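*Asks:* Task: produce atomic coordinates for the following.
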Amino acid sequence: MVDQHWGSSLESNRVAGTRLELLLFQLEGRQLYGINVFKVQEVIPYQPLSRLAGAHPLVKGIATLRGITMPIMDLSLAIGGPALKAPEKGNIIITEYNRSVHGFLIRRVDRIINTQWDQVQPPPRSTGRNAYVTAVTLINDQIIEILDVEKVLDQVVHASTEVSRALSETVRAQDCKVLVVDDSSVARNQIRASLEQLGVQCSLVTDGKHAMELILRLQADGVDVARHFTMVVSDIEMPEMDGYQLTTRIRQDPRLKDLYILLHSSISGVFNVDMVRRTGANKFIQKYHPDDLAQAVRDRLAQIGAALAEG
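*Replies:* Residues are numbered from 1 along each chain as shown. Have a look, this model is predicted:
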C-alpha cells in the first residue's frame, strides 16, 4: 500500500529555483543521507520482490508499482556499505533518473528539509574518486551526505554514450570547444565520451562556481569566451552554484551575452523549461541521450554558420 503521507509531501514541495529540498533517510547506521526531492516519485513501505536469475548483485529483485516494472536495489550495498538487514522492515524510494524509474531499499525515511544550493558544498577531496557522495551540507549541526545516484546507477545500468551514425557522420566539430559543468563524475565522462565522437574538445568542471572561475581566468587572459566556447553544457542541480545561478551570472556580463548555454537535468518537468527562459539559457534537454547532445551541437554549429553567412 502506498504511503500517502510521503507521496503528498513530495508533491507539495516541488518548486523551482535555487532552493534545494532533500529527502533525508538512513541506511544501516545513524548517518543521514539526502536525495533531491525533485528526483523522488514516491516513498513506500517494502514490497515483495521477484528475484531474477543472473541479476546484478545490487538488484534485490523487481517490483511492479503503479503499472511500472522496475529494479529494486539495495542502496546501502550499492554505496559500499553492508547489505540491509531485514529489508522487509524498511522502505523503498522510487526515483526517476535519466528517463528511467528505479527503486532503492533503505532503512527509514527521516524527513524533508529545505536549504539552498549555495549552502551545499562538494565533498572533501580526501574522500577519493570512488566516493558515492556528490555533495554535503550541514543541517542542525549534522552532516548530510547527498548521494551521487547517477554513479550508483552506473554500476548496474551503464548509460550509452554512442552517438548514432546518422548524426556522427553529419556533425563535423573539430574546432568546437564545449565547457561541461556537472557535479557527477559519471555524467561528465558520459558527456565527454559522446561529444568527443564528433570531434568536440571538452573542458570539464564540477559546478557553476568552478565554471565561473574558469571563465573569469580566460577573460583576464584576454580570451573572448563567447567565441572560445561553442557552448556551455551545464547540469542544473549542483553544489555552491547551480545551473540557474551560473546562467544568471553569465548573462549579467555583457561580454558573455552571446555565450550559448544548454542546461540539462535528470529531472523531468515543465518547470525546467520555464526556468531556462527566465534565467536566459538557450536550451534545455533532459538527461541523458547521446543523440540529443549531438543534435544540440549540430544546431548550434548551424546557427553559427548562418550568422557568419549573414555577416
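
*Asks:* residues touching residue 69, list them.
*Replies:* Residue 69 sits next to 62, 63 when contact means Cβ atoms under 8 Å, 6 or more residues apart in numbering. Quick note: C-beta positions are derived from backbone N, CA and C, even for glycine.

*Asks:* Please repeat the previous calculation with a cut-off of 10 Å.
*Replies:* Residue 69 is in contact with 50, 62, 63, 101, counting by Cβ atoms under 10 Å, 6 or more residues apart in numbering.

*Asks:* and the residues you listed, which are buried?
*Replies:* 62, 63, 101 (16 or more other Cβ atoms under 10 Å).

*Asks:* Is the closest residue in space to the second one that isn't next to it in sequence within a helix or a strand, and which one?
*Replies:* Beyond its immediate neighbours in the sequence, the residue positioned closest to residue 63 (Cβ to Cβ, 6 or more residues apart in numbering) is residue 47, lying 5.0 Å away. Secondary structure from DSSP states H and E places residue 47 outside every helix and strand.

*Asks:* hang on, residue 47 packs against residue 66?
*Replies:* No - using Cβ atoms under 10 Å, residue 47 is not in contact with residue 66; the gap is 11.3 Å.

*Asks:* Between the two, tell me which one has more neighbours.
*Replies:* residue 47 (16 against 11; other Cβ atoms under 10 Å).

*Asks:* May I have the phi/psi pair for residue 39?
*Replies:* The phi and psi values for residue 39, taken as degrees, to the nearest 10, are phi -100, psi 0.

*Asks:* Compute the number of surrounding residues for it.
*Replies:* Counted with other Cβ under 10 Å, residue 39 comes out at 19.

*Asks:* Find the nearest non-adjacent residue to it, please.
*Replies:* That would be residue 95: by Cβ to Cβ, 6+ apart, it lies 5.2 Å from residue 39.

*Asks:* unless I'm mixing things up, residue 175 is touching residue 198, no?
*Replies:* No - using Cβ under 10 Å, residue 175 is not in contact with residue 198; the gap is 11.4 Å.

*Asks:* of the two, who's got more company?
*Replies:* residue 198 (23 against 10).
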